[in-house]
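# With the sequence up front, the predicted model follows.
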Amino acid sequence: MRGGTVAVVGGSVAGCALASAAARAGADEVVVLERTQGRLADRGLGLCIHDGRAAELAATGALPAEIAAHPLTRRRWIVRDDAAAGPAGRVFWEQPFPFHSYHWGLLWRGLREAMPASVVYRQGAAVTGVADTGAGAEVRTAGGRAEPYDLVIGADGYRSVVREAVCPGSRPVYAGYVCWRGNLDARRLEGLGNEGVPSDAVSTVCFPGGSCVIYPIPGLDGPRVNWVLYATPPNSGRLPFADPTSFPPGRVTEELTEHLGTLLDREFPPHWARVLALTEPADTYVQPIYDLEAARTTARRLLLAGDAATVVRPHNTSGVAKALQDASAFEEAWRGAGTWSELLDAYRAARGPAGREMVALARRLGRGQVEQTPDWATMNHREVESWWQELLDGAADIGGQAMRP
């Protein structure tokens with residue numbers, strides 16, 4: 001099947017990947033509609049992609065090879081131990097971690113620059129609704145304009161407008177805890193002595209009711225350190241988390257800021273508390289944790305991808321890999337289809353089960369690392385490995401699944 005017009009709602013990582021896939025597969029016209037007008041490349045969040053998934057995605061063309069990435073090989077699990085360990089705490093377990101870390105803005109920029117020249121990318125194009133028209137689909141923008149397309153792809157994240165048309169009333173569900181996220185210039189670590197942050201490792205600080213991952217990432221102006229701390233916020237019952245939301249830099253409440261400080265003082269080894277305290281307020285934000293399994297990923301001429309289709313808790317370290325796999329599966333489905341119906345049927349069969357399995361795994365990981373944490377400080381190596389395998393429950397690893405042939 002060749003030809004046709006495609007609108008991609010959402011122009012971040014998933015949107016860029018799906019737009020490129022549609023153009024490569026043979027669409028006559030691909031238009032990306034991105035609601036924001038700011039510089040998406042400035043977003044400094046860190047993320048990781050499993051080496052196995054990266055190799056598969058590079059082979060399909062979904063992950064350009066020239067995007068900056070930092071190799072990681074191991075994951076260290078750490079507890080505060082004032083009696084027996086130094087300021088960096090005690091490492092009670094170490095496991096292989098075959099991943100590369102990325103800077104979100106650099107990843108987005110690489111995907112954006114790799115898009116075929118035929119793709120039209122429109123910023124400031126807020127989509128207020130979509131609808132199936134029988135013979136195609138229609139996109140309505142904030143200016144009141146209605147634009148017809150043969151296919152509309154929802155890559156517009158966890159607050160997806162397109163998902164409302166595919167699965168009315170389907171919304172992310174708050175998991176009961178949040179994550180504080182931040183990143184800092186690695187040069188700021190120079191005053192901390194010899195401990196620093198290991199260049200090849202993810203360091204996981206564990207405490208009752210939460211955990212925090214800390215690891216190096218590439219940056220726009222040199223290496224940075226990224227961290228994500230998961231815990232239950234204070235007075236969570238009265239905080240407005242039921243509706244999908246976040247607290248970007250500059251809008252983090254005083255209560256959430258103070259609670260972060262309390263966790264660092266009470267639970268963290270002193271060295272790691274000092275590392276996180278080096279983060280500027282402008283590089284710190286809070287993200288409530290949600291998950292979602294959309295009952296459907298397609299409906300006639302509408303299709304969901306990335307977080308619009310499934311919202312997976314970050315513990316699985318699979319969000320970006322999953323979005324790029326969605327794009328690869330979409331392109332493969334297009335090349336094997338003779339009609340729009342065949343395309344959407346093949347995509348749904350390929351990605352629906354994978355999304356559900358990743359949501360289930362991330363829920364188990366969240367329970368084990370935040371909601372029902374074990375007494376890590378008393379566990380021996382065998383007990384920690386058994387606990388981890390119980391969380392995986394048959395999954396080969398975190399980082400997402402291998403793409404099925």
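Happy to help now that I have it. Residues are numbered from 1 along each chain as shown.
# Only the buried residues of the longest helix seen in the chain, if you could.
Using DSSP state H, we find that the single longest helix of the chain is helix 340-366. If you call a residue buried by 16 or more other C-beta atoms under 10 Å, then helix 340-366 has these buried ones: 340, 343-344, 346-348, 350-352, 354-355, 357-366. Backbone N, C-alpha and C define where each C-beta goes, glycine included.
# buried sites along whichever helix or strand comes after that helix?
Later in the chain than helix 340-366, the nearest helix or strand by DSSP states H and E is helix 381-392. Neighbour-count burial for helix 381-392, counted by 16+ other C-beta under 10 Å, picks out 384, 391.
# Who are the packing partners of helix 381-392?
Under the contact criterion of 3 or more C-beta pairs under 8 Å, 6 or more residues apart in numbering; DSSP states H and E, helix 381-392 touches strand 90-103, helix 340-366.
# Mind putting those into a markdown table with distance to A321?
Converted to a markdown table, those look like this (distance: least, C-beta to C-beta, whole Å):
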| stretch | distance to A321 |
| --- | --- |
| strand 90-103 | 10 |
| helix 340-366 | 10 |
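# Would you tell me which of those gets closest to L302?
helix 340-366 (8.5 Å; C-beta to C-beta).
# From the contact counts, what lies against the closest one?
For helix 340-366, the elements it packs on are strand 173-185, strand 284-293, strand 298-299, strand 310-311, helix 319-336, helix 381-392, judged by 3+ C-beta pairs under 8 Å, 6+ apart.
# what ranges do the strands span in the stretch 1-150 of the chain?
Per DSSP state E, counting those that start in this stretch, the stretch 1-150 of the chain carries strands over the ranges 5-9, 29-34, 46-50, 70-79, 90-103, 120-123, 127-132, 137-141, 146-149.
# Can you tell me what sits against the second one?
Going back to what we said before, that points to strand 29-34. 4-12, 15-16, 19, 22-23, 40, 116, 118-125, 127, 139, 141, 147, 149 (C-beta atoms under 8 Å, 6 or more residues apart in numbering).
# angle of that strand against strand 127-132?
Angle of strand 29-34 versus strand 127-132, following axes from the mean of the first three to the mean of the last three C-alpha atoms, to 10 degrees, is 140 degrees.
# Ok, the third one next?
With the same axes, to 10 degrees defining the directions, strand 46-50 sits at 30 degrees from strand 127-132.
# hang on, the earlier thing: out of the helices and strands packed on helix 340-366, deepest packed?
Stretch with highest mean neighbour count among these: strand 310-311 (a mean of 27; mean count of other C-beta atoms under 10 Å).
# Mind listing the strands that one pairs with, and their directions?
Applying DSSP bridges, strand 310-311 is found paired with strand 284-293 (antiparallel).
# I would like the residues contacting the partner strand, please.
158, 170-182, 230, 233, 241, 244-249, 251-253, 256, 310-314, 355-356, 359, 362-363, 366.
# on that earlier part again, for the helices and strands packed on helix 340-366, which one sits closest to Q401?
Going by C-beta to C-beta, the one of the helices and strands packed on helix 340-366 nearest Q401 is helix 319-336, 8.2 Å.
# Output the closest one as PDB - backbone C-alpha positions only.
Extracted as PDB, the C-alpha positions of helix 319-336 are listed here (Å, rounded to 0.1, in the frame of the first residue of the first chain):
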ATOM      1  CA  GLY A 319       9.200   4.100  27.700                       C
ATOM      2  CA  VAL A 320      11.300   5.400  24.800                       C
ATOM      3  CA  ALA A 321      12.200   2.000  23.500                       C
ATOM      4  CA  LYS A 322       8.400   1.200  23.500                       C
ATOM      5  CA  ALA A 323       7.600   4.300  21.500                       C
ATOM      6  CA  LEU A 324      10.300   3.600  18.900                       C
ATOM      7  CA  GLN A 325       9.200  -0.100  18.700                       C
ATOM      8  CA  ASP A 326       5.600   1.200  18.000                       C
ATOM      9  CA  ALA A 327       7.100   3.200  15.100                       C
ATOM     10  CA  SER A 328       9.000   0.100  13.800                       C
ATOM     11  CA  ALA A 329       5.900  -2.100  14.100                       C
ATOM     12  CA  PHE A 330       3.800   0.500  12.300                       C
ATOM     13  CA  GLU A 331       6.200   0.800   9.400                       C
ATOM     14  CA  GLU A 332       6.400  -3.000   9.100                       C
ATOM     15  CA  ALA A 333       2.500  -3.300   9.200                       C
ATOM     16  CA  TRP A 334       2.200  -0.700   6.500                       C
ATOM     17  CA  ARG A 335       4.600  -2.400   4.200                       C
ATOM     18  CA  GLY A 336       2.700  -5.700   4.500                       C
END
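# Quick check: closest non-adjacent residue to the most centrally placed residue in the chain.
Nearest to the geometric centre of the chain sits G319, at 3.6 Å (C-alpha atoms, centre = their mean). Counting by C-beta to C-beta, 6 or more residues apart in numbering, the nearest residue to G319 once its immediate chain neighbours are dropped is V312, at 5.9 Å.
# ok, now which ones touch the one you found?
291, 318-319, 322, 355, 358-359, 362.
# how about the residue sitting furthest away from the middle of the chain, phi and psi?
Farthest-out residue of the chain from its mean C-alpha position, per C-alpha atoms, centre = their mean: A83, at 37.3 Å. Here is the backbone geometry of A83 (degrees, to the nearest 10): phi -80, psi -40.
# so where's the stretch 301-405 of the chain shaky on pLDDT?
For the stretch 301-405 of the chain, applying pLDDT under 70 flags the ranges 404-405.
# sorry, back to before: please state the offset of the longest helix of the chain from the chain centre?
Distance, stretch centre to chain centre, for helix 340-366: 16 Å (C-alpha atoms, centre = their mean, to the nearest Å).
# Can you tell me which of the strands of the stretch 1-150 of the chain is packed in deepest?
Comparing the strands of the stretch 1-150 of the chain by mean neighbour count (mean count of other C-beta under 10 Å), strand 5-9 comes out on top with a mean of 26.
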